[in-house]
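Enquirer: sequence plus predicted model, see below.
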Amino acid sequence: MQMRTLRTWGFRAGFVVAGLIVLAAAALFFLTLRTVDRIYGGETRVVDAGQFQVESEPMAITHVSVLSPDGSQMLPDRTVVVRDGQIVSVSASDDIPQGVTRIDGRGKFLIPGLMDSHVHLQRSPNDLLLYVANGVTQIRSMGGSDADLTLRDEIRNGRIGPHFHVSSPSMNSADGFASAGSAPGWIPEPLIIWFVETVFNTHSTANAQEARDDARAFIDRGHDGIKLYGFLTMDSHRAILDVAEALDVPTVGHLPEDMPLSELRTTRLREIAHVEELVKALLDEFGSFNSQGSEAFIAFVESRKDEIAADLFENDIAVHSTLRFSESLDDQVFDLDGALADIPLRYVNPGIVEGYAPLGFGWLPGSNKFEAYAGDTPEQIASNRDFWAAREEAHRILLRAMVAAGVPILAGTDANGWLSVPGFSLHDELQSLNAAGMTTAQALHAATAAPARAIRSDAGVIEVGRRADLVLLNENPLADIENTSSIEAVILGGRHLNRARLDAMLRAVETANAASRRSSISRYQ
């Protein structure tokens, strides 16, 4: 009898423990989902974009200087006629058809709408207004979600927003995560994979065949290209590229940790997601930075730059720049307050800014992971300053070598990454590219014709038959690249958005952010 009672209580205790485990797992599940939604901006008030809606109309922009199709010069005193969302004529004639709206372009400069080739929209649809208000008429989401696909389709159906190219979620290998060894061994691997996929919007596969099948499934679902991440095994990396080549879709990727730079000569990866990927690979090749020092590293980069650039050019691989983002890391490590004060923080989704400290997500002190990288002692701080400065210079060395070799550079900003403000960041990126050695014409090309070619867009150049995505500027960007910010109006698929409407978009986003903010940012304004 006593044994039966003990057994009964043992079963009951087991059920209780099992129930508590299930409840704890459920609580963890919902807490994770809610936290992720908040830090990616899902709790921020959404602006009604419909209030900015305008219809496409026939128009003629008269007596304006127009960026030439090759991007090398401004053609003076041109008239550009737009009808049904397309450019129908570009001429020196003042013969304007009847029934079109005239826009006086005297003393102004017309360029193609800009493209940011590397953004993360996260859960922040208000960013679409920020892009348009900054003359960014096309964006490419790196790590696209189902929500991105929905917004893309809404934009195609008339919602105000930039034309939206949506890649797949970042594809990884489960083996790659396991080999990273960053999680405690007692946590079940499926739980680790679920957590990483949920928090970082990635997709993991168990083997090359599964990677092949899932890549095809993403394209069948409507994604415009494939994003490959660094935790892919080489077998899975190559399998995904097989599928992308067969389906003729763009591929953008980080370099797998096991991939030597020599493979740039043979890879079918079409775009590298950051110049930083090449710098990281060179750091691995170089060995210990601490023992060899910055001068030796810079000399090593100089010795390798031409071969890397030649491999990229000969294999027609484009590279996303994200240069300003890489430069900002140094500022965040050593002067975070100053870096925050230097950007228009009020326009950034407050959920993304405030983040979540335990994950190192967030831009503000206390949640920004980079502020911990400075070091504790004067010796550590000096050594780390040396490292970050050398790392920054390595980006510029490689960029100059790639430009000289003719490698296509695509201006991208990693928008919504740390201190990269959607829309505004592309103008910062163009300034960084110019300061690093690109001419103003080359920098502008990297945000217009070059990315249009990469994704076969019908915009990006001002010529007959192209989509009428245009930006009317008050100052000449070929004279000073900062003039890309002197926006008088944006023509979005034939819809004329004047300065007053663009300012109203910015105010609406700022107001929505202010109403949703938990932490004050007044010290940075």
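Expert: Thanks, I have the structure now. Residues are numbered from 1 along each chain as shown.

Enquirer: what about Arg140, distance to Ser167?
Expert: The span separating Arg140 from Ser167 equals 7 Å under the rule Cβ to Cβ, to the nearest Å. C-beta: built from backbone N, CA, C; applies to glycine.

Enquirer: next one: Val348
Expert: Counting by Cβ to Cβ, the gap between Val348 and Ser167 amounts to 22 Å.

Enquirer: which of those two has more neighbours?
Expert: Shown here are Val348 and Ser167; by other Cβ atoms under 10 Å, Val348 has more neighbours (28 against 25).

Enquirer: same question for the helix or strand encompassing Leu282, mean pLDDT?
Expert: Taking DSSP states H and E as the criterion, Leu282 maps to helix 275-286. Taken as a whole, helix 275-286 has an average pLDDT of 96.

Enquirer: residues contacting the next helix or strand after it, please?
Expert: Next in sequence after helix 275-286, counting helices and strands by DSSP H and E, comes helix 289-292. Contacting residues not belonging to helix 289-292 are listed as 283, 286, 297, 383, 387, 390 [Cβ atoms under 8 Å, 6 or more residues apart in numbering].

Enquirer: please spell out which residues along helix 289-292 are buried.
Expert: Going by neighbour count (16 or more other Cβ atoms under 10 Å), the buried part of helix 289-292 is Phe289.

Enquirer: tell me how the protein divides into domains.
Expert: Under automatic domain parsing, the residue ranges defining each domain of the chain are 2-39, 51-107+472-516.

Enquirer: contact partners for the most centrally placed residue in the chain?
Expert: Averaging the C-alpha coordinates of the chain gives a centre point, and the residue nearest to it by Cα atoms, centre = their mean is Val119 (2.2 Å). For Val119, the set of contacting residues under the criterion of Cβ under 8 Å, 6+ apart consists of 127, 139-142, 412-416, 422.

Enquirer: 10 Å instead?
Expert: Remark: with contacts taken as Cβ atoms under 10 Å, 6 or more residues apart in numbering, Val119 is in contact with 127, 131, 136, 139-143, 148, 162, 164-165, 412-417, 420, 422-423, 425-426.

Enquirer: try Arg212
Expert: Counted by Cβ under 10 Å, 6+ apart, Arg212 has contacts 205, 235-236, 238-243, 246.

Enquirer: let's see which of the residues you listed end up in helices.
Expert: Secondary structure of these is defined by DSSP state H; positions in helices are 235-236, 238-243, 246.

Enquirer: nearest to Val353, of the residues you listed?
Expert: Checking the ones in helices among the contacts of Arg212 against Val353 with Cβ to Cβ, the nearest one is Ile240 at 33.5 Å.

Enquirer: how many residues are close by the closest one?
Expert: With neighbours defined by other Cβ under 10 Å, the count for Ile240 comes to 28.

Enquirer: for the stretch 251-400 of the chain, give me the ranges with low pLDDT.
Expert: Scanning the stretch 251-400 of the chain for pLDDT under 70 picks out no residues.

Enquirer: so where do the strands sit in the stretch 351-500 of the chain?
Expert: For the stretch 351-500 of the chain, applying DSSP state E, counting those that start in this stretch gives strands covering 409-410, 469-473, 487-492, 495-498.

Enquirer: and of the ones you listed, who's closest to Tyr524?
Expert: Among the strands of the stretch 351-500 of the chain, the nearest to Tyr524 by Cβ to Cβ is strand 487-492 (23.9 Å).

Enquirer: give the partner strands of the closest one in its sheet and their orientations.
Expert: On the basis of DSSP bridges, the sheet neighbours of strand 487-492 come out as strand 469-473 (antiparallel), strand 495-498 (antiparallel).

Enquirer: export the last one to CSV, keeping only CA atoms.
Expert: It stands for strand 495-498. Coordinates of each C-alpha in strand 495-498 appear next as CSV, following Å, rounded to 0.1, in the frame of the first residue of the first chain:
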residue,chain,number,x,y,z
ARG,A,495,3.7,60.9,-59.1
HIS,A,496,4.9,64.4,-58.2
LEU,A,497,5.7,64.8,-54.5
ASN,A,498,6.7,68.4,-53.7
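
Enquirer: give me the secondary structure label for the closest residue to Gly412 other than its chain neighbours.
Expert: Nearest-residue entry for Gly412: His118, 2.8 Å, with adjacent residues in sequence omitted and distances by Cβ to Cβ, 6 or more residues apart in numbering. At His118 the chain is in strand, as set by DSSP: H, G, I helix; E, B strand; the rest coil.

Enquirer: ok, His118 - contacts?
Expert: Listed by Cβ under 10 Å, 6+ apart, the contact set of His118 reads 139-143, 167, 227, 252, 271, 273-274, 320-322, 325, 410-415, 417, 420, 426, 429, 451.

Enquirer: gap between stretch 203-213 and the chain center?
Expert: Distance of stretch 203-213 from its chain centroid, counting by Cα atoms, centre = their mean, to the nearest Å, is 24 Å.

Enquirer: output the ones in helices among the contacts of Arg212 in JSON lines, with distance to Ala60 and pLDDT appended to each entry.
Expert: What follows is those, written out as JSON lines (distance: Cβ to Cβ, whole Å; pLDDT from 0 to 100):
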{"residue": "Asp235", "distance to Ala60": "56", "pLDDT": "94"}
{"residue": "Ser236", "distance to Ala60": "53", "pLDDT": "95"}
{"residue": "Arg238", "distance to Ala60": "52", "pLDDT": "96"}
{"residue": "Ala239", "distance to Ala60": "52", "pLDDT": "96"}
{"residue": "Ile240", "distance to Ala60": "47", "pLDDT": "97"}
{"residue": "Leu241", "distance to Ala60": "46", "pLDDT": "97"}
{"residue": "Asp242", "distance to Ala60": "49", "pLDDT": "97"}
{"residue": "Val243", "distance to Ala60": "46", "pLDDT": "97"}
{"residue": "Ala246", "distance to Ala60": "45", "pLDDT": "96"}
